[in-house]
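**Student:** Predicted structure and sequence below. I'll ask about it afterward.
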Amino acid sequence: MSVALASSPTSNSTQQEPLRVMVVDDSVVIRGLISRWVGSEPDMVVAASLRTGLDAVNQIERVNPDVAVLDIEMPELDGISALPLLLAKKRNLIIIMASTLTRRNAEISFKALSLGASDYIPKPESTREQAAAETFHHDLIQKIRSLGAKLRRNVPASPNLPGTGHHTTNPPPAPDRPREPLSRPPVAQPPLVRRAFSSHAPRALLIGSSTGGPQALMTLVGEIGAVIDRFPVLITQHMPPTFTTILAEHLARSSHRPAHEAVDGEIVKAGQIYLAPGGRHMRVVRRGTDVAIALDDGPPVNFCKPAVDPLFSSAIDVWQGGILAVVLTGMGSDGMRGGKEIVAAGGSVIAQDEATSVVWGMPGAAANAGICSAILPLGQIAPKLVRLFSGDRS
């Protein structure tokens, strides 16, 4: 059964209108659940709730969504097959792939990212697991909101002309919940402060990333072979188990260097990329003259596990000021607090710039905190890292 819930605007969506979300999933339970969550948000509206990828492709022009939540496994036309057809009809459509935590679906999610999907989200095995359902709910709404906000910033505002018939069925906001606008009028922002790079020679490279991170990481590690060969590289990407296993394989192929999920207690060496495994925080500890990996199953930090801050903070006791940290694209502010501690210890932080970030949450938080020595487009970060690890301090 396919249900269109909100009439389509006859002009481009404006910055003042709720985000139009198209839910595409053959499970009536999941479809209903996501639709209820989206419909209860004051800045979103369910534009359509559809059962198959074929329904989505056939109706996208009429529905005109801003964001599509697209299941992978569906009858008639699955998500990975529908993805390029949807983007061919609406180039700037934000597509979030939803998949279960199987290796096959994780691999399909990575393929979807390479085909133009904006992000992915793992679905819980069962909606009866309250904690898993709450995490799915929180993460999905945050992804829709963050990715949709960037879309709206890139779309010129158009007046809501009378007589267009544009209206939505979105319920009014609850009276006890303040409504936040999708975007605020532009205001002059103070220039971002950039610190001088540390005079200490970096001895390790730490990287934190989230939404948009897999693509950014694969680009970055493919261009810093000279750094990886001489220094340890440790990465925390917000990602569930199974997905991190596959990401490590992709990083190894992109860098042509060994890359794997970190193992508790293993000695950290140059020439290796260590990726925090999904569902575990990764720290480093001093063990005699060696540095070792320490994994833990503690509570989420900044709503994330693994989180970037534990890695950044733990590295200070090991390398003191000899740390170079990079904060790549991602929602939230994870990495900012640990980055502050790294700078206080004498290390340096680089943030990805807003234009090349899928979401400028994490790097934006670091940049606005005044802890960055450089805020660079993704394509300029690798050359900068190679120069810094070769002795450049400027």
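**Tutor:** Done, it's in.
**Student:** is it true that Lys384 lies in a strand?
**Tutor:** No: under DSSP: H, G, I helix; E, B strand; the rest coil, Lys384 sits outside any strand and is assigned helix.
**Student:** Near it, how many other residues are there?
**Tutor:** 18 (other C-beta atoms under 10 Å). Any C-beta I mention is one placed from the backbone N, CA and C, and that applies to glycine too.
**Student:** Quick check, it in contact with Leu376.
**Tutor:** Yes: at 6.2 Å, Lys384 and Leu376 qualify as touching, with contact defined as C-beta atoms under 8 Å.
**Student:** List every C-alpha atom in the helix or strand hosting Ala226, with coordinates, as PDB.
**Tutor:** Following DSSP states H and E, one finds Ala226 within helix 225-230. Provided in PDB are the C-alpha atoms of helix 225-230 (Å, rounded to 0.1, in the frame of the first residue of the first chain):
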ATOM      1  CA  GLY A 225      50.600   7.200   2.200                       C
ATOM      2  CA  ALA A 226      53.900   9.000   3.200                       C
ATOM      3  CA  VAL A 227      52.400   9.800   6.600                       C
ATOM      4  CA  ILE A 228      50.900   6.400   7.200                       C
ATOM      5  CA  ASP A 229      54.300   4.700   6.400                       C
ATOM      6  CA  ARG A 230      56.000   6.700   9.200                       C
END
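**Student:** List every C-alpha atom in the helix or strand just after that helix, with coordinates, as CSV.
**Tutor:** Note on helix 225-230: by DSSP H and E, the next helix or strand toward the C-terminus is strand 233-237. Below are the C-alpha coordinates for strand 233-237, written out as CSV (Å, rounded to 0.1, in the frame of the first residue of the first chain):
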residue,chain,number,x,y,z
VAL,A,233,47.0,6.7,12.1
LEU,A,234,44.0,6.2,14.4
ILE,A,235,40.4,6.8,13.2
THR,A,236,37.1,7.0,15.0
GLN,A,237,34.1,7.1,12.6
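**Student:** which helices and strands does strand 233-237 pack with?
**Tutor:** strand 204-209, helix 213-221, helix 243-255, strand 273-275, strand 281-287, helix 308-319 (3 or more C-beta pairs under 8 Å, 6 or more residues apart in numbering; DSSP states H and E).
**Student:** Which stretch among these approaches Glu341 most closely?
**Tutor:** Evaluated with C-beta to C-beta, these place helix 308-319 nearest to Glu341, the distance being 5.3 Å.
**Student:** Parallel or antiparallel, which strands does the helix or strand following the closest one pair with?
**Tutor:** Heading C-terminal from helix 308-319, the first helix or strand you meet, by DSSP H and E, is strand 323-327. Paired with strand 323-327 in the same sheet, following DSSP bridges, are strand 204-209 (parallel), strand 348-352 (parallel).
**Student:** Looking at those strands, spot the one closest to Arg104.
**Tutor:** It is, among the strands paired with strand 323-327 and with distance given as C-beta to C-beta, strand 204-209, at 24.0 Å.
**Student:** average model confidence for the closest one?
**Tutor:** The average of the pLDDT scores along strand 204-209 is 98.
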